[in-house]
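Trainee: All I have is the shape, not the residue letters:
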């Protein structure tokens with residue numbers, strides 16, 4: 001079978017293309033077509049590397065902040081040995097990406113399939129950038145180690161412009177997707193996360209947990225309507241996720257129903273390159289557990305609760321100026337990650353919310369930007385307050401960045417971030433991070 005190479009603008013709906021568009025790089029790909037033109041094979045992605053330096057809160061002056069069984073404070077704290085500085089060379093918010101796709105049209109129906117491979121450069125011996133196996137001494141980032149490969153994306157689509165499109169497989173979620181794709185730190189670092197530790201993973205936090213919850217990668221089945229004068233609606237189900245923060249001893253019950261999510265988007269173009277975009281997304285899922293430590297006549301105690309979240313996103317593009325605003329509200333949804341710290345005890349839900357704002361301006365090959373985000377979570381009830389008086393209250397971050405397009409595909413960047421975390425009972429931990437690096441998109 002003969003194949004020919006072509007460098008052209010990517011027209012398929014891959015996440016890698018969305019990421020490249022989000023960082024103002026050309027969403028180009030290497031496309032290979034069969035001689036008869038029936039199939040198109042493509043690859044696109046990125047490689048990014050940063051030097052990351054963090055000055056953490058001193059251990060002697062840090063306040064205690066409880067995650068109540070989950071991931072809580074996101075501000076780094078120095079060691080008991082007196083070290084408050086951490087240096088690291090690694091990926092930023094994005095791991096590297098190599099996304100492969102195939103596309104064709106049969107019987108008037110557009111068909112695509114995609115596989116995304118996301119390697120990192122940290123020495124962590126992990127099966128993914130975020131869940132590390134660790135080495136024999138209980139730590140990672142040691143000699144003779146290797147990096148992790150995250151296979152987070154494998155999905156297919158089929159549909160037409162007039163009938164709409166179905167998406168089936170593992171892909172980025174709907175809730176919280178627009179804000180992370182618009183985050184200017186996407187090609188950079190933002191908040192360092194584990195990069196400010198002795199065991200860095202393959203990705204940093206960016207703005208995750210600071211104004212928005214991580215959208216995550218979900219096994220899902222979705223339908224998106226055709227475009228109606230700029231409006232689109234997506235409805236779908238996803239494989240239900242277990243909570244990250246159930247009480248010790250609780251066992252997971254099989255879920256009785258999938259999770260449900262939906263999204264409405266609206267695009268209003270003013271002129272070429274100038275437009276307003278807005279979206280509203282919703283997510284709901286029930287959690288089911290059994291707590292054997294509490295018994296009645298020797299019987300285990302089952303319990304359940306529902307996590308719900310809604311978000312609103314808006315972005316204005318006007319010449320070189322871009323403004324982003326975002327807000328979310330959840331019950332039983334938690335903070336930072338989906339269903340992290342969402343409930344207390346036997347299913348008493350906590351309320352959480354967050355907001356994120358960003359302004360950027362691009363002139364010539366230079367883009368300047370600043371963003372601010374804050375995520376809040378509240379006690380479920382007075383019993384929760386009594387049991388967890390130092391539970392996380394909020395994580396907050398401000399980042400300033402400069403991004404220089406050395407070529408159309410290579411961006412050099414520098415960022416500064418100030419991060420704060422606070423418990424419900426008062427006090428604050430503060431840390432600062434500076435990073436400089438390069439992002440190559442293709």
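Mentor: Thanks, I have it. Everything numeric in this text was worked out from a predicted model, so none of it was measured. Numbering: from 1, shown residues only.

Trainee: How about residue 310: what's its closest non-neighbour residue?
Mentor: Ranked by CB to CB, 6 or more residues apart in numbering and with sequence neighbours excluded, the top spatial neighbour of residue 310 is residue 282, at 5.0 Å. All C-beta atoms are positioned from the backbone trio N, CA, C, and that covers glycine.

Trainee: any idea which element that neighbour lies in?
Mentor: Using DSSP states H and E, residue 282 sits in strand 274-296.

Trainee: list the buried ones in that strand?
Mentor: Neighbour-count burial for strand 274-296 flags 276-279, 281-291 (criterion: 16 or more other CB atoms under 10 Å).

Trainee: Touching, residue 383 and residue 344? I think so.
Mentor: Yes: with contact defined as CB atoms under 8 Å, residue 383 reaches residue 344; the gap is 7.3 Å.

Trainee: So these two - more neighbours on which side?
Mentor: residue 344 (23 against 12; other CB atoms under 10 Å).

Trainee: check contacts around the residue nearest to residue 310.
Mentor: For residue 282, the contacting residues are 175, 261-263, 308-310, by CB atoms under 8 Å, 6 or more residues apart in numbering.

Trainee: Residue 194 too?
Mentor: So residue 194 contacts 200-201, 204 (CB under 8 Å, 6+ apart).

Trainee: repeat that for 7 Å
Mentor: Counting by CB atoms under 7 Å, 6 or more residues apart in numbering, residue 194 touches 200-201.

Trainee: repeat for residue 396
Mentor: 210, 374, 420.

Trainee: try residue 73
Mentor: 65, 392, 395, 421, 429.

Trainee: What's the separation between it and residue 80?
Mentor: In this structure, residue 73 and residue 80 are 17 Å apart, going by CB to CB, to the nearest Å.

Trainee: Residue 224 too?
Mentor: Going from residue 224 to residue 80 by CB to CB gives 52 Å.

Trainee: Neighbour-wise, give me the winner out of the contacts of residue 73.
Mentor: Scoring these on neighbours with other CB under 10 Å, the highest-scoring entry is residue 395 at 30 neighbours.

Trainee: Which helix or which strand is home to the residue nearest to that one when sequence neighbours are not counted?
Mentor: Excluding its sequence neighbours, the residue lying closest to residue 395 (CB to CB, 6+ apart) is residue 74, at 4.6 Å. Assigned by DSSP H and E, residue 74 falls within no helix or strand.

Trainee: Test my guess that residue 74 contacts residue 205.
Mentor: Yes: at 6.3 Å, residue 74 counts as touching residue 205 under the criterion of CB atoms under 7 Å.

Trainee: which residues do those two both contact?
Mentor: Going by CB under 7 Å, 6+ apart, residues that sit against residue 74 and also against residue 205 are 191, 193.

Trainee: Neighbour-wise, which one of the contacts of residue 282 leads?
Mentor: residue 175 (28 neighbours).

Trainee: List the residues that contact it.
Mentor: Residue 175 sits next to 215, 261, 281, 283, 309, 311 when contact means CB under 7 Å, 6+ apart.

Trainee: Look up the closest residue to it, ignoring the ones flanking it.
Mentor: Going by CB to CB, 6+ apart, residue 175 has residue 283 as its nearest residue, at 4.0 Å.

Trainee: The one you found and residue 368: what is the separation?
Mentor: For residue 283, the distance to residue 368 - CB to CB - is 34 Å.

Trainee: Residue 235 - how many residues pack around it?
Mentor: So residue 235, with other CB under 10 Å, has 16 neighbours.

Trainee: Quick check: it touching residue 263?
Mentor: No: Residue 235 is beyond contact range of residue 263, at 8.3 Å (criterion: CB under 7 Å).

Trainee: and which of the contacts of residue 396 is nearest residue 315?
Mentor: residue 210 (18.1 Å; CB to CB).

Trainee: The closest one falls within a strand, correct?
Mentor: No: applying DSSP: H, G, I helix; E, B strand; the rest coil, one finds residue 210 to be coil, outside a strand.

Trainee: check contacts around it.
Mentor: 191, 373-375, 395-397.
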